[in-house]
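In: okay, sequence plus prediction incoming.
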Amino acid sequence: MKTSKGIEYRFDGSKDKPVLLFSNSLGTDYSMWDKQVEECQSQFQILRYNTDGIGIRFIEDLGEQVISLMDELKLDKVHYCGISLGGLIGMWLARYYPDRFHSLTLANTAPQIANQEIWEERIQFVKRGGLGPIALASPSRWFTTNFTKGHPDVVKKALNGFKTTSPESYINCCEVLKKTNLWDLLPQIQGRILIIAGEFDQVTTVDEAKRMGEYIQNSQVKILPAAHLSNIEASEFSKALTQICQS
């Protein structure tokens, strides 16, 4: 379904359960959370949406996109789980809208992801060649080699998000990532916060996750045996998420 502002979203599970809202990573769509739907919908009503980068300039715009979605769906308070870009959005939400969330899980993310040079190079690459070459290079960043070899169908499914992502939306999100640094914001964050990192994640590292845990008061840090998309690769992801939501 779509909101009045064109945001694609989907509900799964019973309406009489607490809502758990998922925010996906760059280059994916909400199908990346299919495993969590299967494993968590007995305890939560699952809400997924596709991040829309059209007209977006700042991390604030992506955060307000979440709040607008919640407002339109008349959701006063939810549990939140975001990965990579979705986790960065979650940090901003935790600081500026803490009363709208029972808990926030920030997975495989950092207050500043990579650096400006990397994102500018990515932007120019997409402008020249589109998203196809980026999709081909993504498995090595998203998954461990063993997982890629052992689960080719799962990897192929994860890459389908590039087919539904417009280059303009992708580039705008890269521009946001290029200019965003929220490290100074972290000490101001309070609440029930879980930080998840992948042991083999070369994009957002374990060291960054541990540093985040030091900055965010009373947060928990969980390291999983996975690369960047730990929700797909690590069987323990859903259990850790459920525990923080119910704690």
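Out: Yep, it's here. Numbers count the residues shown, from 1 in each chain.

In: quick one: the helix or strand of the chain with the lowest mean pLDDT to chain centroid distance?
Out: Ranked by mean pLDDT, DSSP states H and E, the weakest helix or strand in the chain is helix 161-164, scoring a mean of 93. Computed by CA atoms, centre = their mean, to the nearest Å, the chain-centroid distance of helix 161-164 equals 16 Å.

In: and that helix, what does it pack onto?
Out: Packing contacts for helix 161-164, counted by 3 or more CB pairs under 8 Å, 6 or more residues apart in numbering; DSSP states H and E, involve helix 132-137. From N, CA and C alone the C-beta is placed, and that goes for glycine too.

In: what lies in contact with the helix it packs on?
Out: 27, 122, 125, 126, 159, 162, 170 (CB atoms under 8 Å, 6 or more residues apart in numbering).

In: average pLDDT for it?
Out: Here helix 132-137 scores 95 as its mean pLDDT.

In: over to stretch 57-76?
Out: Mean per-residue pLDDT for stretch 57-76: 97.

In: who touches that stretch?
Out: In contact with stretch 57-76 (CB under 8 Å, 6+ apart) are residues 3-5, 7, 9, 19, 21, 23, 47, 49, 51-53, 55-56, 78, 80, 85, 88-89, 92-93, 96-97, 100, 172-173, 175-176, 179-180, 182.

In: would you mind measuring the gap between the ends of stretch 209-223?
Out: Distance across stretch 209-223, first residue to last, is 9 Å (CA to CA, to the nearest Å).

In: circling back to that earlier point, which of the contacts of stretch 57-76 fall in helices?
Out: 85, 88, 89, 92, 93, 96, 172, 173, 175, 176, 179 (DSSP state H).

In: so what's the residue count around residue 112?
Out: Look at residue 112: counted by other CB atoms under 10 Å, it has 16 neighbours.

In: chain neighbours aside, what residue packs nearest to it?
Out: Excluding the flanking residues, the one nearest residue 112 by CB to CB, 6 or more residues apart in numbering is residue 181, at 4.2 Å.

In: in this structure that neighbour contacts residue 111, no?
Out: Yes - assessed by CB atoms under 8 Å, residue 181 is found in contact with residue 111 at 6.2 Å.

In: give me the buried subset of the contacts of stretch 57-76.
Out: Buried members of the contacts of stretch 57-76, counted by 16 or more other CB atoms under 10 Å: 3, 7, 9, 19, 21, 23, 47, 49, 51-53, 56, 78, 80, 85, 88-89, 92-93, 97, 100, 172-173, 175-176, 180, 182.

In: got a PyMOL select line for the buried ones in the contacts of helix 132-137?
Out: Typed into PyMOL, the line below selects the buried ones among the contacts of helix 132-137, using 16+ other CB under 10 Å:
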select buried, resi 27+122+126+159+162+170
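
In: nearest to residue 115 among the contacts of helix 132-137?
Out: residue 122 (11.1 Å; CB to CB).

In: ok, residue 92 - contacts?
Out: 59, 60, 62, 63, 182, 185.

In: any idea which element residue 190 lies in?
Out: Following DSSP states H and E, there is no helix or strand that holds residue 190.
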